[in-house]
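Student: how would this look folded up:
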Amino acid sequence: MARDLTEITVAEAVKSPESLTALVNMTYVGQELHSHLINSSIYAIALSSSLRISPPERIATIGLACLLYDLGMTRVSSRPSFTGDPSEDPVVKQHVFIGRNMIHGVPGLSHEIREAAVSHHERWDGSGYPAGLKGERIPLTARIAAVVDTCDLRTTSMPGLKPLTSFEALSVMSREMPGQFDQAILRALVAGLGA
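Tutor: Model prediction:
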């Protein structure tokens, strides 16, 4: 898994040195955000493999998309943090557009990566933002990002919420968030984490 992430990062850095600069700069804005995106990328690579997504380059693209999808959080405040519910904060909601624009400015990054940045808060039942996309109208990479984003946030320490185990987080996502996620992707993550 670590080798896969390293290979993706090296391949992208060679193809687009600007993307490596963006990743390095991300480490300076907040350890919470940096750790969240690394975790999300690792989850996404494992999840994409268990979904049998091919070719391997597509898995690499999904992994990179999940490493960059929350990049816009670096610009929504002087100190990005994961406090509160972003769906209730209009300023934080802007991170999807900011991230897409930041990624758009990096040569060599695919449209799929920009789509994940802007659409990872869309929900299967249409209750998400920014466009209220529903079901398969949400790009696959964004559907994967939605699942790994929520899972990782629920398993890390957030103000006002105690961190959950992976099993607890997936249970909450299945039970208390019905209709928000592509169930095939959620089931694959459950299977992959052995929950």
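
Student: show me where pLDDT drops low in this protein?
Tutor: 1-30, 77-88, 158-160, 194-195 (pLDDT under 70).

Student: could I get the full set of helices for it?
Tutor: 2-15, 17-26, 31-50, 56-68, 90-93, 95-104, 111-119, 140-155, 166-175, 183-193 (DSSP state H).

Student: between those, which gets nearest to A131?
Tutor: helix 111-119 (7.5 Å; Cβ to Cβ). To be clear about C-beta, it is placed using only N, CA and C from the backbone, and glycine gets the same treatment.

Student: helices or strands up against that closest one?
Tutor: Packing partners of helix 111-119 (3 or more Cβ pairs under 8 Å, 6 or more residues apart in numbering; DSSP states H and E): helix 56-68, helix 95-104, helix 140-155.

Student: against I138, how distant is the closest residue in space to G135 that isn't next to it in sequence?
Tutor: Using Cβ to Cβ, 6 or more residues apart in numbering and skipping the chain neighbours, the partner closest in space to G135 is W124 (6.0 Å). As judged by Cβ to Cβ, to the nearest Å, W124 and I138 stand 7 Å apart.

Student: which neighbours do these two share?
Tutor: D182 (Cβ atoms under 8 Å, 6 or more residues apart in numbering).

Student: on that earlier part again, how near is the residue nearest to G135 to S157?
Tutor: Counting by Cβ to Cβ - W124 and S157 are separated by 27 Å.

Student: look at these two and report which has more neighbours.
Tutor: The neighbour count for W124 versus S157, taken as other Cβ atoms under 10 Å, is higher for W124 (24 against 9).

Student: right, and the more buried one touches L186 too?
Tutor: No. Assessed by Cβ atoms under 8 Å, W124 is found out of contact with L186, at 9.3 Å.

Student: list the buried ones in stretch 153-170?
Tutor: 153-156, 164, 166, 169-170 (16 or more other Cβ atoms under 10 Å).

Student: now for those residues: which two are most distant?
Tutor: Of all pairs in the buried residues of stretch 153-170, the most separated under Cβ to Cβ is T156 and L170 at 14.4 Å.

Student: can you give me the first-to-last residue distance of stretch 93-113?
Tutor: Using Cα to Cα, to the nearest Å, the end-to-end distance of stretch 93-113 comes to 18 Å.

Student: burial measure for N39, as a count.
Tutor: 19.

Student: how close does it sit to A169?
Tutor: 12 Å.
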